[in-house]
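>>> Can you look at this prediction? I've put the sequence above it.
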Amino acid sequence: MKRLTALAIPLILFLAVTFVQKSNAQFQCTTGMEYNCPGHPAWQQRTLQGSRWCPYCGMQDNTMMGPMGYGTPGFFPSYYPSWYGYGAMAYPNFFYPSPWMGWGVDGGYYPGHGGGYAAKPNVYVEGKEGLSVKIQVQLSNDSTLLAAAPIHGNDGWKGRILKEGKLESKGSEYGYFYYDYRFDEKILQDQAGFCALRKDVIEKMAEGLNQAGFKDREIVDFVSHWSIKIPPMKRFCVFPQDQRTLDKAAKVQIEPKPKAFVRVQFIVIPEEGLKKYGSLFASEPKKAWDFVEQGKPGRIPAAAGQSDLIVREWGVGFLQGN
Amino acid sequence: MEYRLLLKALLALGLIESPAFAGNEPVITAKLSAPADCKAGPAQAWLSMDSILIYQVEVPPTGELEMHVKPGKYHLVITHPKGCFAEKPIEVKASQTLNLEIALNAAKEKKGMKK
């Protein structure tokens, strides 16, 4: 009996400590810091105190290299999308935005040319319920459409605005119009932006979207996707691109003409990828990016559009690796 | 003579690699359908080659999508939060447009795709 007790006490202590540790990990996201937890009702209620867009809640990074050379982040967002389980089990590069090589996209898997990859630009539409819209992405000769939902084809997307900015197209309800494309990276600006550790970089981009006028639902989509799909690397430099720059690779035509079109794409480069593109992205950003000021040239003046339509597009881009 | 042949070969290679030929890459389009219990909420389309994930696209379970790829063998999977599921191996050749109709079924069945 004594021997059994001697064995049981350490076991109970071990289980208790493990339980407390796990509780504390959750505690960070459930008591007092709810506004940091994407998906939590308090987070959605726009608590303006402190930082609202932190998906990692101060967790420590213990990034590990996984099978086939793909790394796995040692910490995970407090909110898991429903697709997380299947993707993490099925694909070794699930924690990357694409097939990955060195510090960037493995372009050998994709058609087209150019070293820039716009991953998941999402197009959101705000306007009167029932209004019909047509959105067409006009790619330059150096750009290649990679994916789209709904089907974009040559004619673009047609849809009708539903409640809360959702879109009906061919009888199905979309949260946004989506596309990926490949483009010539030489069009990009490489002077303004910011650098941050992986645990902070999503928060900084999300805060930028907030300043640029994106709605909560749109930022929630951003955070829940990119907190998982940003590669598990230590530190990144982010170079936001505005509408004038992006128009060189892909113009977006919208009917009826909108009152405003806010467009931003974050070019995300792992620290080790700097200085690997010749004179382009040869150093960390030399100046800060002002989302409010920088967004203005891309905005269409109020008098330009007759409708109340407002369109917002966020995207994240990566460069080809080596 | 050999020099001219080499020159022609290089010219041909250059043409194939030029952006003008980019439009000849294969395209996969998919139109989805789902049973009543899986019609709400977005599904995920996963396109992979040798287990490497190429595209992950959020799409309504009755919606549609397009994916531009290089010729080769792929594996397409559709998942839905309520367990509906579909999968299909795909082979696409140069210049081919593959139009798929995909019916999601309950997770236990895992069939129901037709081309």
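That came through, no problem.
>>> Look up phi and psi at the residue nearest to the spatial centre of chain B.
Most central in chain B under Cα atoms, centre = their mean is B:I28, positioned 4.2 Å from the mean C-alpha point. Recorded main-chain torsions at B:I28 are phi -110, psi 120, according to degrees, to the nearest 10.
>>> In this model B:K93 seems to touch it, though I could be wrong.
No - counting by Cβ atoms under 8 Å, B:I28 does not reach B:K93; the two are 11.8 Å apart. Bear in mind the C-beta positions are built from the backbone N, C-alpha and C, glycine included.
>>> near chain A, which residues of chain B?
B:17, B:19, B:22, B:25-26, B:29, B:41-42, B:44-46, B:48-49, B:51-60, B:62-70, B:77, B:79, B:81 (Cβ under 8 Å from any Cβ of the partner chain).
>>> Counting by contacts, list what the one helix or strand A:Y181 maps to packs against.
Using DSSP states H and E, A:Y181 maps to strand A:177-183. Secondary-structure packing of strand A:177-183 (3 or more Cβ pairs under 8 Å, 6 or more residues apart in numbering or on different chains; DSSP states H and E): strand A:116-126, strand A:132-139, strand A:144-149, strand B:52-59.
>>> What are the contacting residues of it?
Residues outside strand A:177-183 that contact it (Cβ atoms under 8 Å, 6 or more residues apart in numbering or on different chains) are A:107, A:110-114, A:116-123, A:125, A:135, A:137, A:139-140, A:142-150, A:152, A:157, A:159, A:167, A:169, A:249-250, B:55, B:57-58.
>>> Just the angle for that strand relative to strand A:116-126, thanks.
Between strand A:177-183 and strand A:116-126, the angle comes out at 160 degrees (axes from the mean of the first three to the mean of the last three Cα atoms, to 10 degrees).
>>> Strand A:177-183 to strand A:144-149, inter-axis angle?
Angle, strand A:177-183 to strand A:144-149, by the same axes, to 10 degrees: 170 degrees.
>>> which element follows strand A:177-183 toward the C-terminus?
strand A:194-197.
>>> What ranges does the chain have for its helices?
I went with chain A, as the question did not name one. Along chain A, the stretches classed as helices by DSSP state H are A:2-30, A:41-44, A:84-90, A:198-212, A:216-229, A:243-247, A:291-295.
>>> try chain B instead
B:2-17.
>>> Run through the strands of it in chain order.
Secondary structure of chain B (DSSP state E): strands at B:27-33, B:43-49, B:52-59, B:64-68, B:72-79, B:85-92, B:97-103, B:113-114.
>>> so can I have a markdown table of these showing mean pLDDT?
Output for the strands of chain B, formatted as a markdown table (pLDDT from 0 to 100):
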| stretch | mean pLDDT |
| --- | --- |
| strand B:27-33 | 98 |
| strand B:43-49 | 98 |
| strand B:52-59 | 98 |
| strand B:64-68 | 98 |
| strand B:72-79 | 98 |
| strand B:85-92 | 97 |
| strand B:97-103 | 98 |
| strand B:113-114 | 52 |
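>>> Sweet, I'm off.
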